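Participant: pasted the sequence and its predicted model underneath.
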Amino acid sequence: MQRTPDIFSAELNPVVSLLQPAETSTSPVGVSSAYARFVKRPLDILIVLLASPIVLTLVGFVALLIAIQGGKPFYSQLRVGRSGRSFRLWKLRTMVVDADQRLANYLESDPAAKAEWELTQKLKQDPRITPVGRFLRKSSLDELPQLLNVLRGDMSIVGPRPMMLDQTLLYPGADYYHLRPGVTGLWQISDRNDSTFAARASFDAEYAAHLSFKGDVSIIAKTVGVVLRCTGY
């Protein structure tokens, strides 16, 4: 397991050399809109600040539950951000301490699970998830610490699903790199557990082309329904 640094430490975001210049030369129509350029970022900050009293209380309570079970309550991992820059994404820990080894053993012993993992990088029956972690994932509460990433400018409230560094080889699109990854987004409210990377690229292209205030409000509203239905894993 990688060492988890201090959640409040400042870090420089190195450039992930995964993009060709042609991939980022022309911005989609929605990304060039006045809303995307001048309103979206200040609105993100306002939402985080308004939600912070409730979010901090909830995160503190859940973090205490995780700590009681053993281990650190927070988990971080490098993800790919706008323009291919990597950043450290924060989540509440939902996995066992030896998660990497358990995953390797499970995929080695189950060909069907290995095929599922290679296609979507997700498992419906994931042996790494703790009992508390399973609830956090179903309710999406494990993603609340990402509001810190929004405040820092790594992410937006609405945007593409954040990609892990090694997933860029599976992702066929280019629109992702014009946007800040989102805490929620079109993929998250549509086929959040069932879509391939090709489908994710299609969602990202649609969002980038039609990015607007009305669209973001609609996605946030639909996210509430997704959270209440507890469809995550």
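Facilitator: Right, received. Where do you want to start?
Participant: dump the residue contacts of the residue sitting nearest the centre point of the chain.
Facilitator: Among the residues of the chain, the one closest to the centroid is Pro162, at 4.0 Å (Cα atoms, centre = their mean). Going by Cβ atoms under 8 Å, 6 or more residues apart in numbering, Pro162 touches Arg79, Val80, Gly81, Leu89, Met155, Pro181, Gly182. For the C-beta atoms, the positions are set from N, CA and C on the backbone; glycine is no exception.
Participant: just the helices in the protein please.
Facilitator: For the chain, the helices defined by DSSP state H cover 34, 40-69, 99-109, 111-120, 131-139, 146-152, 186-189, 197-210, 213-229.
Participant: distance between the last one and the chain's centre?
Facilitator: For helix 213-229, the distance between its averaged C-alpha position and the chain's averaged C-alpha position is 16 Å (Cα atoms, centre = their mean, to the nearest Å).
Participant: list the buried residues of that helix.
Facilitator: Gly215, Asp216, Ile219, Ile220, Thr223, Val226, Val227 (16 or more other Cβ atoms under 10 Å).
Participant: export it to CSV, keeping only CA atoms.
Facilitator: What follows is helix 213-229, C-alpha atoms only, in CSV (Å, rounded to 0.1, in the frame of the first residue of the first chain):
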residue,chain,number,x,y,z
PHE,A,213,-25.3,26.2,-15.8
LYS,A,214,-28.6,24.6,-16.5
GLY,A,215,-26.9,21.3,-17.3
ASP,A,216,-24.8,21.4,-14.2
VAL,A,217,-27.8,22.1,-12.0
SER,A,218,-29.7,19.2,-13.6
ILE,A,219,-26.8,16.8,-13.0
ILE,A,220,-26.5,17.9,-9.3
ALA,A,221,-30.3,17.4,-8.8
LYS,A,222,-30.1,13.9,-10.4
THR,A,223,-27.1,13.0,-8.2
VAL,A,224,-29.3,13.3,-5.1
GLY,A,225,-31.6,10.6,-6.5
VAL,A,226,-28.6,8.4,-7.3
VAL,A,227,-27.2,8.8,-3.8
LEU,A,228,-30.6,8.0,-2.2
ARG,A,229,-31.0,4.9,-4.4
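Participant: could you measure from Gly81 over to Gln167?
Facilitator: 13 Å (Cβ to Cβ, to the nearest Å).
Participant: again, but for Gly215
Facilitator: 25 Å.
Participant: and for Glu118?
Facilitator: On the measure of Cβ to Cβ, Glu118 and Gln167 end up 11 Å apart.
Participant: repeat for Ala174
Facilitator: Ala174 is 15 Å from Gln167, where distance means Cβ to Cβ.
Participant: so for the two, which sits in the more crowded spot?
Facilitator: Between Ala174 and Gln167, counted using other Cβ atoms under 10 Å, Ala174 has the larger neighbour count: 19 against 15.
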